[in-house]
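# The sequence and its predicted three-dimensional model are supplied below.
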Amino acid sequence: MTLRSLTIIDVDAPKVRSKHVSKKSNHKKAKTSESFSGLPSNAEIQADIASYKKNKITNPNIINNTTQANPKKISEKKLVAKKTLRKKDRTNNSPRSTVAINSIKEPEKIYRTSNTPVLLSVSSQVKRHPLGHLLLEKKLREAGFQGGISTDKKFLDRYSTDESIFCIKPQVVIQPKNKHDLETATKLIASETKRFSSLSLTPRAAGTGLSGGSLTDSIVVDVTTHLTKIDEVKKTKKGVTITCEPGAMWQEVEKKLKKHGFYIPAYPSSKAICTVGGSIANNAAGPDSLRYGHCASWVDSLDVVLADGNTYTIKPLSYKEFKALTKQKNEYARVAEEVFTLIEKNEKTILSAKPKTAKNTAGYSLWDVFADGIAQFKKGNGEMDMTRLISGSQGTIGIISSITMRTLPIANDSTLLSVPIFKLEDIAKTVITTLKYNPLNIEIFDGISFDLALKNPDFFKKRLQGLDYYRVMLAMYATYHVRYRGKTPEFTLLITVDKTTEQKHSASEIAKEISDSSVKARVVNNPAEIEMLWQIRRASYPLAKFQDPNKRPAPFLEDMTVPPEHLSRFLMDIKKLFKEFNVQAAMHGHGGNGHFHFYPLLDFTNKTTPLLVERMAERFYSTAVKYHGDICGEHNDGIIRTPHLNKMFNRATLELFKKVEHIFDPDDIFNPGKKVNPRFDIKTSMRKTN
Ligand SMILES: Cc1cc2nc3c(=O)[nH]c(=O)nc-3n(C[C@H](O)[C@H](O)[C@H](O)COP(=O)(O)OP(=O)(O)OC[C@H]3O[C@@H](n4cnc5c(N)ncnc54)[C@H](O)[C@@H]3O)c2cc1C
């Protein structure tokens, strides 16, 4: 296919999306090619291609990263734009996302027990016009974009997976050099999407997400190459805060804070490998979230590039500040006013939709925007906090360019209690009793993880140095053979208490209160035993691979959460389900929140695996919902859970999610297909390698 033959293709079919028109939005996307009047004609597009082709030949540097004087010196991570167009890219006009296998209608009931998948239907009408992506490099450079741009296969492959079970190849990867680049790219796509509707921007940070949030078949915006600046720690009226760019690694931010004795208590367990931006966008959480909540609870303010391509500082507003904002004529003012009206009109529906679990990242947290309710807000009490919508939005309503977080002093006074649970029915009452004492965290790992640790001592050699290794291994075997008399507990609970907890009750009093005829809680004093228990908790995910090296621990049942009172019955049902599907899965999680990460071992080279995933997801998610639980505690909806949100939320609430997404992103330029309007078919988008 020659470039010339592209000109016979008409403009893209419009993206399929909700019909809600935002009040002041005057740039709603056209529905048919006729309605594109006023937009460039085919002749103009042809001219664009001709000029693009000419530039390719006459000026081979035009698509290079102009900010790099010597491209050869660029590290592999930094992109060098490719100089030739590959035939495959030019001819690819049938993206995997166009395949709709599921035409099953949305269910009347929220919960069903049948084996038949009942998912939100996947849009089948998005067509890719390759031209939009082909012209992108030229257009971005013309608009002044300074960062890296690449369509090189090597890079596209690298960005086609994250830690989820999916594999979706982008068309282009860009690495913005600075905040101005983010604005330039957004402005360009906002205007070009009117003729090439398949163009969109999907922000990507460290790519450790487990739901597929950072995958796209259009443009990846990698924020980790350049947007990594971390400012100095500041002492403010609100306490110690820190500001950073979204690509800053969590651990680097933590190091800076640690020097002053502070930390961000919502840190995810993946803090060594993930960024602050990705964590805010996923509204991540971690062990200490039992007491201190998700990342969103620690956001002070966010700089966000909204759909008009301008950056706005979003922070909680008093009624007076809100009123002053709405007098302004800008995108932030429009969005704030429309969000206010949406919530005011639907407050009852929104509050009744709020999940019953302490942790949730499903949907948009409309219920958190007015913590004191709209009526109080209008009387001048409380705040309107739109950072609660941006946090956890997975890049679907704007791109975060700067983050200011609040912090807490590091608690250096913690004590660990260990509670082996040999009978499943004991788990709920143990957790509920422990919660009364306000522990810092209650973490959990299962018997499979413990057995795998016992069988694979060499695994810990890389993680522990010198004598520590032998001490920790000795503690592990002594615990198993002597303390547990050769019997592996079904679960082990790790309870951390600190000064706050012990103000009222000492650790040993709590251990006594938790213990009864079948449960024995104990304060752990031996540092090697403490290290051993945390090593197994943290290693549960990589250890799972030892069950079968030819399979892969698959994250798709890894985020279910139930209120603690239902823990025992929920876990019994889950155990039965794994038996029924004949699949093994190691488990760990945040027991105090009733939040579990199950990682079934699956073979992705097997053609039947996608169907198995679909069937398992249906049954397991329905089981979580049956116990008033949540399918998405902290890893967010992404590709895997967006089509299942109808299990947790009724139709009216799903409509409100669509409306709020549309208020922020009327032309669907930000990460389409996640959180609302599912667009990627789960089965055909699944990875095919282990
Ligand atoms: C071993 C392991 C353990 C984990 N443990 C935890 C845990 O304890 N708790 C937890 O919550 N998660 C956990 N995760 C999941 C994941 O690590 C976290 O959610 C993490 O915070 C994601 O950060 P990231 O930098 O990798 O973001 P990415 O995966 O790159 O992106 C996450 C989402 O954010 C969006 N995004 C990225 N940058 C921006 C931006 N600038 N603006 C707007 N949107 C943006 C992306 O589009 C995507 O939807 C774990 C993952 C692994 C592999």
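Perfect, I can see it now.

# Low-confidence stretches in this structure?
Low-confidence segments of the chain (pLDDT under 70): 1-132.

# contacting residues for the residue nearest in space to the middle of the chain?
In the chain, the centroid-proximal residue (C-alpha atoms, centre = their mean) is Asn282; its distance is 3.5 Å. Neighbour list for Asn282: 209, 213, 295, 361, 392, 394, 634-636 [criterion: C-beta atoms under 8 Å, 6 or more residues apart in numbering]. In short, each C-beta sits where N, CA and C put it, glycine included.

# so where does the residue of the chain found nearest the ligand fall, helix or strand?
Nearest residue of the chain to the ligand (C-beta to the nearest ligand atom) works out as Gly278 at 2.0 Å. Using DSSP states H and E, Gly278 sits in helix 276-282.

# Could you work out the most separated pair of the contacts of Asn282?
Among those, the pair separated by the greatest distance (C-beta to C-beta) is Gly213 and Cys295, at 14.2 Å.

# Heading C-terminal from the helix holding Gly278, find the next helix or strand.
Next along the chain from helix 276-282, counting by DSSP H and E, comes helix 289-292.

# ok, Gly594 to Arg552 distance?
26 Å (C-beta to C-beta, to the nearest Å).

# The two: which is more packed in?
Gly594 (30 against 21; other C-beta atoms under 10 Å).

# what's the offset of the helix holding Gly278 from the middle of its chain?
Counting by C-alpha atoms, centre = their mean, to the nearest Å, helix 276-282 is centred 7 Å from the centre of its parent chain.

# at contact distance from the ligand, anything in stretch 639-647?
No: using C-beta under 6 Å from any ligand atom, we find that stretch 639-647 stays clear of the ligand, coming within 9.7 Å at best.

# measure that stretch end to end?
15 Å (C-alpha to C-alpha, to the nearest Å).

# So for it, what gets flagged as buried?
639-647 (16 or more other C-beta atoms under 10 Å).

# Then stretch 569-585?
569-571, 573-574, 577-578, 583-585.

# Which two among the residues you listed are spaced furthest apart?
Using C-beta to C-beta, the buried residues of stretch 569-585 span at most 21.6 Å, a distance reached by Arg569 and Gln584.

# which bits of the stretch 151-300 of the chain sit near the ligand?
Residues of the stretch 151-300 of the chain lying near the ligand (C-beta under 6 Å from any ligand atom): 162-163, 202-210, 213-214, 223, 246, 268-270, 274-275, 277-279, 281-282, 284-286.

# Can you say which of the residues you listed are buried?
Among these, those classed as buried by 16+ other C-beta under 10 Å are 162-163, 202-210, 213-214, 223, 246, 268-270, 274-275, 277-279, 281-282, 284-286.

# How many neighbouring residues does the closest residue to Val305 other than its chain neighbours have?
Counting by C-beta to C-beta, 6 or more residues apart in numbering, Val305 lies nearest to Ile399, which is 4.5 Å off, once chain neighbours are set aside. Residue neighbour count, defined by other C-beta under 10 Å, stands at 31 for Ile399.

# ok, Ile399 touching Thr184?
No: here Ile399 lies out of contact with Thr184, judged by C-beta atoms under 8 Å, at a distance of 11.7 Å.

# Please enumerate the helices of the stretch 201-350 of the chain.
250-258, 276-282, 289-292, 319-326, 331-353 (DSSP state H, counting those that start in this stretch).

# Could you identify which of those helices is most buried?
Each of those was scored by mean neighbour count; the highest is helix 276-282, a mean of 30, by mean count of other C-beta atoms under 10 Å.

# Can I get that helix as CSV, trimmed to CA atoms?
These are the backbone C-alpha positions of helix 276-282, laid out as CSV (Å, rounded to 0.1, in the frame of the first residue of the first chain):
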residue,chain,number,x,y,z
VAL,A,276,3.6,9.0,42.5
GLY,A,277,1.6,10.0,39.4
GLY,A,278,0.5,6.5,38.6
SER,A,279,-0.4,5.9,42.2
ILE,A,280,-2.6,9.0,42.4
ALA,A,281,-4.2,8.2,39.0
ASN,A,282,-5.0,4.7,40.3
